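In: Fold the following.
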Amino acid sequence: MIPAERQHFILSCLAERDVASIAELTERLGVSHMTVRRDIQTLERSGRVTSVSGGVRLSQRLDVELPHLQKSGINTGAKQAVGRAAAQLVTDGMVVYLDAGTTTLEIARSIAEREGLTVVTNDFVICAYLSQHSRCTLYHSGGLVERDNQSCIGEAASETLARFNYDIAFISTSSWTITGLSSPSEGKRPVKKTVAGRARRSVFVSDSSKYGMIAAINILPMEVFDIVVTDRLIDSGVAEAIRTMGPEVILADVPLAGEAASAVARDGPRG
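Out: Residues are numbered from 1 along each chain as shown. Presented below is the predicted three-dimensional model:
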């Protein structure tokens, strides 16, 4: 059976029940684990499937992003862990871009006390937080207001963001695969593309729950990033594949539910 036939068979299996194990596919195809993994990688680069621990599933379509308020209550432990790990890349005196999002809000919380920072963002929530809790020089992009996401998008925002030279830019999304970032909102593309092109180091930040989601508009390929920060729940094969494409991969430790509860009891809730 040639690769195209094997890949068609894998897609047929997934059409029946969404998820298949590598062991099952190996047995049914009569080939090695390595061969099945190569076929999965080929399908994954096309955006049709997503690697999961021990297997593969169909990619999920993201048609509409959740509003900021709803996103803020989802996977908070992972977002905090990713935010803290990403914040370690920031040093005093940097010019930093923080993209709109609840994970980048966690970065803002972690860098609020750094000295001499200039922070640029298109996110109203991040801007409000840093205006109250930091002494950084703070800029907001302005532009077309996306109310549900509490941010600005489009060409007007992009034109403002193009004025800055960023030491480091943290870019986020609600849907990504091994091929890169996507969004149901076309207005996010010029913002993210402009910032990635103006930064010394571009860093993609996202918790692993958003992996395998794909939306209508391609935003940025994975190769444009210098660093990818996600959590250790991401499939190890995905992390390794990203490394082979060029970016460094940083995997944040996600606390167990009991550990997270203890941290809140000890330190109090984060503002």
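
In: shaky segments in the stretch 1-150 of the chain?
Out: By pLDDT under 70, the weakly predicted segments of the stretch 1-150 of the chain are 63-64, 66-73.

In: where do the strands sit along it?
Out: Using DSSP state E, counting those that start in this stretch, the strands found in the stretch 1-150 of the chain span residues 19-21, 49-52, 55-58, 60-61, 95-98, 118-121, 137-140, 144-146.

In: out of those strands, nearest to residue 1?
Out: Nearest of the strands of the stretch 1-150 of the chain to residue 1, taken as CB to CB: strand 19-21 at 16.2 Å. To be clear about C-beta, it is placed using only N, CA and C from the backbone, and glycine gets the same treatment.

In: what residue lies at the spatial centre of the protein?
Out: In the chain, the C-alpha nearest the mean C-alpha coordinate belongs to residue 206, at 2.8 Å (CA atoms, centre = their mean).

In: buried set for the longest helix along the chain?
Out: Secondary structure of the chain per DSSP state H: the longest helix is helix 3-17. If you call a residue buried by 16 or more other CB atoms under 10 Å, then helix 3-17 has these buried ones: 6, 7, 10, 13, 14.

In: Pull the residues that contact it.
Out: With CB atoms under 8 Å, 6 or more residues apart in numbering as the contact definition, helix 3-17 has outside contacts at 1, 20, 24-25, 28-29, 31, 35-36, 38-40, 42-43, 48-49, 56-58.

In: Go again with 7 Å.
Out: The contact list for helix 3-17 (CB atoms under 7 Å, 6 or more residues apart in numbering) reads 20, 25, 29, 39, 42, 43, 48, 49, 57, 58.

In: wait, what's in contact with the third one?
Out: For residue 29, the set of contacting residues under the criterion of CB under 7 Å, 6+ apart consists of 1, 6, 9, 36.

In: Can you add distance to residue 137 and give those residues back as a markdown table?
Out: Shown next, in a markdown table, are those (distance: CB to CB, whole Å):
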| residue | distance to residue 137 |
| --- | --- |
| 1 | 61 |
| 6 | 55 |
| 9 | 57 |
| 36 | 52 |
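
In: Run a quick neighbour tally on the nearest residue in space to residue 55 that is not next to it in sequence.
Out: Distances taken as CB to CB, 6 or more residues apart in numbering put residue 21 closest to residue 55, at 4.2 Å, once the chain neighbours are dropped. Neighbour count of residue 21, defined by other CB atoms under 10 Å: 14.

In: Next: residue 208.
Out: Neighbours of residue 208 under the rule other CB under 10 Å: 21.

In: That one contacts residue 232, doesn't it?
Out: No - counting by CB atoms under 7 Å, residue 208 does not reach residue 232; the two are 8.0 Å apart.

In: correct me, but residue 170 touches residue 107?
Out: Yes - counting by CB under 7 Å, residue 107 is a contact partner of residue 170 at 5.7 Å.

In: Common neighbours of the two, please.
Out: Joint contacts of residue 170 and residue 107 (CB under 7 Å, 6+ apart) are 86, 98.
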